[in-house]
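In: sequence and predicted model, in that order:
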Amino acid sequence: MEITKDIQYVGVNDYKIDLFEGQYKVENGMAYNSYVILDEKIAVMDTVDTNFLDEWMQNLKQILKDRTPDYLIVQHMEPDHSANISAFLETYPGAIIVSSAPAFNMMKQFFGTDYADRRLIVKEGDVLSLCTHNLQFVGAPMVHWPEVIVTYDSHDKVLFSADGFGKFGALDADEDWACEARRYYFGIVGKFGMQVQNLLKKAATLDIQIICPLHGPVLTENLGYYINLYQTWSSYGVESEGIMIAYTSVYGNTKAAVELLAEKLTAKGCPKVVVADLAREDMAECMEDAFRYGKLVLATTTYNTDVFPFMREFINELTGHNYQNRTVALIENGSWAPLAAKAMRTKLESCKDITFTEHTVSIRSALNEDSIAQIEALAEELCSQ
């Protein structure tokens, strides 16, 4: 794949992977991106997952022909991008590794050496000239590892964005970019919104025409759309008006309450209502919706004086990823001692700028006239805000 006249794609698609990072379902596979900049000197941008060494090397040789690379630029040390550093250096013994100081510390941890005899340590603002192409390095610590750098090619106006602007899915996956990029962002990067904001401020000073991420497609058109989404996501803003209802139910009574609430919300004209059964749906997709919409309803049973395990896991994911700036409503169910609402509220206390609704629904075993009236009041409150 030709990105520009001098920049070529040499990455690979992984169609066999089922769980990315051991937890995220990727039914449409995964792309591990790597690029080559051909100039008087040649730079290779990152490696790929260890399982694809041979394919990656073949891609490299096809592009390089009879030339050899001068530099391997390592932007991010996660093994899906760095696993083949040693193999690359064995194949190209004259090449120099270019990376940040923290990255070389990690290389020693991964490979037993920091390559002190063939390395170039770079930091914020440093420039590496290939001749026509001048590569400017921009620090991106904690987006989403501490060693990360991104690279700007001022000649072709290309930002090599590391894991930024990445998404799940192989490059030939026919799927909406935003859906899988959102799930990727909030699952993997979302905790570090402030750090992403800092990087976006730096990127705003650059004339960027193309974005080359380490996962997902190269972005060449409507860059404002992608950048604006990242602005919203990293500032924990509301992307879409709507209400997500996340629930667990043991015998169906809490589910019945959720279904009734969803019906009432829709009848009252709420623009979007999304319902998720936390015991059955992909947790990462539930997280995605919780961050996408401005209002969240949590409904669960009291379980061992706490909340049902899937709800506990969901709230732990929310708090662990800096969930904030949202309206939250609570529905609890308990046959003799309903405690779930109090437990959920306590678990969410660490979240910033959470507004709890005035109305909380408390069910004793099954819906009755009183709890139905509470659901009516909650629906009215959520739709009137």
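Out: Happy to help now that I have it.
In: next SSE downstream of the helix or strand that contains Ala290?
Out: Using DSSP states H and E, Ala290 sits in helix 283-292. Using DSSP H and E, the helix or strand that follows helix 283-292 towards the C-terminus is strand 293-303.
In: pLDDT of the helix holding Ala290, averaged?
Out: Regarding helix 283-292, the rounded mean pLDDT is 96.
In: now do that helix against strand 293-303: the angle between them, please.
Out: Comparing the axes of helix 283-292 and strand 293-303 via axes from the mean of the first three to the mean of the last three CA atoms, to 10 degrees yields an angle of 130 degrees.
In: contacts for stretch 250-265 next, please.
Out: Stretch 250-265 has contacts (CB atoms under 8 Å, 6 or more residues apart in numbering) with 243, 245, 247-249, 273, 275, 277, 297, 299-301, 308, 331, 333, 361, 363, 365-367, 371-372, 375-376, 378-379, 382-383. Where you see a C-beta, it was placed from the backbone N, CA and C, and this is true even at glycine.
In: following the helix or strand where Ala181 lies in sequence, what is the next regular element?
Out: Per DSSP H and E: Ala181 is located in helix 177-184. Once helix 177-184 ends, the next helix or strand along the chain (criterion: DSSP H and E) is helix 193-203.
In: buried ones in the helix holding Ala181?
Out: For helix 177-184, the neighbour count (16 or more other CB atoms under 10 Å) marks Trp177, Ala178, Glu180, Ala181, Arg182, Arg183, Tyr184 as buried.
In: again with stretch 77-94
Out: Applying 16+ other CB under 10 Å to stretch 77-94 flags Met77, Glu78, Asp80, His81, Ser82, Ala83, Asn84, Ile85, Ser86, Phe88, Leu89, Tyr92 as buried.
In: same thing with stretch 33-45?
Out: Asn33, Ser34, Tyr35, Val36, Ile37, Leu38, Asp39, Lys41, Ile42, Ala43, Val44, Met45.
In: make TSV out of the residues you listed and add secondary structure.
Out: Formatted as TSV, these follow (DSSP: H, G, I helix; E, B strand; the rest coil):
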residue	secondary structure
Asn33	coil
Ser34	coil
Tyr35	strand
Val36	strand
Ile37	strand
Leu38	coil
Asp39	coil
Lys41	coil
Ile42	coil
Ala43	strand
Val44	strand
Met45	strand
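In: between these, which is closest to Thr319?
Out: Using CB to CB, Asn33 is the member of the buried residues of stretch 33-45 that sits closest to Thr319, with 31.7 Å.
In: the nearest residue to Gln374 once chain neighbours are set aside: what's it in contact with?
Out: Distance criterion CB to CB, 6 or more residues apart in numbering; nearest residue to Gln374, sequence neighbours excluded, is Val361 at 4.4 Å. Counting by CB under 8 Å, 6+ apart, Val361 makes contact with Ala257, Leu261, Ala299, Ala329, Leu330, Ile331, Glu332, Ser371, Gln374, Ile375, Leu378.
In: and with 10 Å instead?
Out: 254, 257-258, 260-261, 297, 299, 329-333, 338, 341, 367, 370-379 (CB atoms under 10 Å, 6 or more residues apart in numbering).
In: do the same with Gly94
Out: Neighbours of Gly94 in contact, by CB under 10 Å, 6+ apart: Thr68, Pro69, Asp70, Arg118.
In: any idea which element it lies in?
Out: Per DSSP H and E, there is no helix or strand for Gly94.
In: now it: how far from Asp282?
Out: 46 Å (CB to CB, to the nearest Å).
In: what does Asn316 give?
Out: The separation that Asn316 has from Asp282, given CB to CB, amounts to 16 Å.
In: equivalent analysis for Thr305, please.
Out: Using CB to CB, which is the criterion applied here, Thr305 is 28 Å from Asp282.
In: count of neighbours near Gly237?
Out: When neighbours are defined as other CB atoms under 10 Å, Gly237 has 12 of them.
In: confidence score at it?
Out: For Gly237, the predicted pLDDT is 96.
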